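Student: Test case, fold it:
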Amino acid sequence: MKRRILICDDDEDILAVCKTILEKNDFQVSTSLNCESIFNKMSVIKPDLILMDLWIPEMGGEKATLKLRANEETKHIPVILFSANQEVEQMVNKLNASDFIVKPFDIKKLVAIINKHLPLNVDKPTH
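Tutor: Next comes the predicted model:
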């Protein structure tokens, strides 16, 4: 079974590039242009990992990550902050995120960080 990744970013070009890269690396990828819609999609997508941009209009990646961490159903999912924000590394601790990737990013580093948080044999908690 392919590992599932949800990418939340308001930049359609970033979503398209990341989706192409990750699908070539054998991931199943879902995308969202805003944070509000991911909460309704979670039960359908069942992501193994979420790439979250911090600078998204409306709710934004910061609030969305805090909401994911506060929810029993989603708090175990690795969230990798994905941003050009110079303070992204500090935001990892503040939001209890799993890791970060600075934009612009190196393709090999993107895949390596995702693989670091998603071993090939993903064991999901059973509820």
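Student: how much space between Lys67 and Val88?
Tutor: For Lys67, the distance to Val88 equals 19 Å [C-beta to C-beta, to the nearest Å]. Bear in mind the C-beta positions are built from the backbone N, C-alpha and C, glycine included.
Student: Compare the two and say which is more crowded by neighbours.
Tutor: The residue with more neighbours, out of Lys67 and Val88, is Val88; 20 against 14, by other C-beta atoms under 10 Å.
Student: Hmm, the more buried one is touching Ala97, no?
Tutor: No - Val88 lies out of contact with Ala97 (C-beta atoms under 8 Å); the separation is 9.1 Å.
Student: what do those two both touch?
Tutor: Common contact partners of Val88 and Ala97 (C-beta atoms under 8 Å, 6 or more residues apart in numbering): Leu81.
Student: Walking through this protein, point out its helices one by one.
Tutor: With helices called from DSSP state H, the chain shows them at 12-24, 38-45, 60-70, 88-95, 107-117.
Student: Which one, of the ones you listed, ends up nearest to Arg4?
Tutor: Proximity to Arg4, assessed across the helices of the chain by C-beta to C-beta, is greatest for helix 38-45 (6.3 Å).
Student: residues in contact with stretch 80-88?
Tutor: Contacts with stretch 80-88, where a contact means C-beta under 8 Å, 6+ apart, come from 7, 9, 49-55, 61, 65, 91-92, 95, 97-105, 113-114, 117.
Student: Sorry, slip of the keys, the one I care about is stretch 95-114.
Tutor: By C-beta under 8 Å, 6+ apart, the list of residues contacting stretch 95-114 reads 5, 14, 18, 21-22, 25, 27, 49, 51-52, 62, 65-66, 69, 78-84, 88-89, 91-92, 116-117.
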